[in-house]
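*Asks:* Dropping the sequence and predicted coords here.
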Amino acid sequence: MESQRDYIDYYVSVTGESMNAVAYEELIALRNLINEIEKRHNEALKKGGEL
């Protein structure tokens, strides 16, 4: 299995994007995922459900 670094190096070489652009996009995606998890967590707490 290839490493995450290998995948990013491959993605950068195929798309021609800079490493900074790729890292920025990945950080945005990660932040969006965290926001969605927090939203679901808060909704579950409001409903009194278990997490």
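*Replies:* Cool, the structure landed. Remember, it's a predicted structure, so these values are computed and weren't measured experimentally.
*Asks:* Ile34: which element?
*Replies:* Per DSSP states H and E, Ile34 falls inside helix 19-47.
*Asks:* Kindly report the same for Asp9.
*Replies:* Counting by DSSP H and E, Asp9 is part of helix 4-15.
*Asks:* List the contacts of that helix.
*Replies:* 2, 17-19, 22, 26 (Cβ atoms under 8 Å, 6 or more residues apart in numbering). For the C-beta atoms, the positions are set from N, CA and C on the backbone; glycine is no exception.
*Asks:* Max pairwise distance over the residues you listed: which two?
*Replies:* Distances among the contacts of helix 4-15 were taken as Cβ to Cβ; the most separated pair is Glu2 and Ser18, at 20.8 Å.
*Asks:* hmm, back to that, quick one: buried residues of the helix holding Asp9?
*Replies:* Val12 (16 or more other Cβ atoms under 10 Å).
*Asks:* returning to what we had before: and the helix holding Ile34 with helix 4-15, angle?
*Replies:* 120 degrees (axes from the mean of the first three to the mean of the last three Cα atoms, to 10 degrees).
*Asks:* What average pLDDT does helix 19-47 get?
*Replies:* For helix 19-47, mean pLDDT rounds to 90.
*Asks:* which helices and strands does it pack with?
*Replies:* helix 4-15 (3 or more Cβ pairs under 8 Å, 6 or more residues apart in numbering; DSSP states H and E).
*Asks:* What is the distance between the helix it packs on and the centre of its chain?
*Replies:* 16 Å (Cα atoms, centre = their mean, to the nearest Å).
*Asks:* same question, stretch 27-44
*Replies:* With Cα atoms, centre = their mean, you get 10 Å for stretch 27-44.
*Asks:* any idea which residue sits dead centre in this protein?
*Replies:* When Cα atoms, centre = their mean is applied to the chain, the residue found nearest the centroid is Leu30 (2.6 Å).
*Asks:* Next one: that residue from Ala23, what distance?
*Replies:* The gap separating Leu30 from Ala23 is 10 Å, by Cβ to Cβ, to the nearest Å.
*Asks:* Now which of the contacts of helix 4-15 would you call buried?
*Replies:* Among these, none counts as buried (16+ other Cβ under 10 Å).
*Asks:* would a markdown table of those with distance to Asn42 be doable?
*Replies:* Converted to a markdown table, the contacts of helix 4-15 look like this (distance: Cβ to Cβ, whole Å):
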| residue | distance to Asn42 |
| --- | --- |
| Glu2 | 36 |
| Glu17 | 34 |
| Ser18 | 36 |
| Met19 | 35 |
| Val22 | 31 |
| Glu26 | 25 |
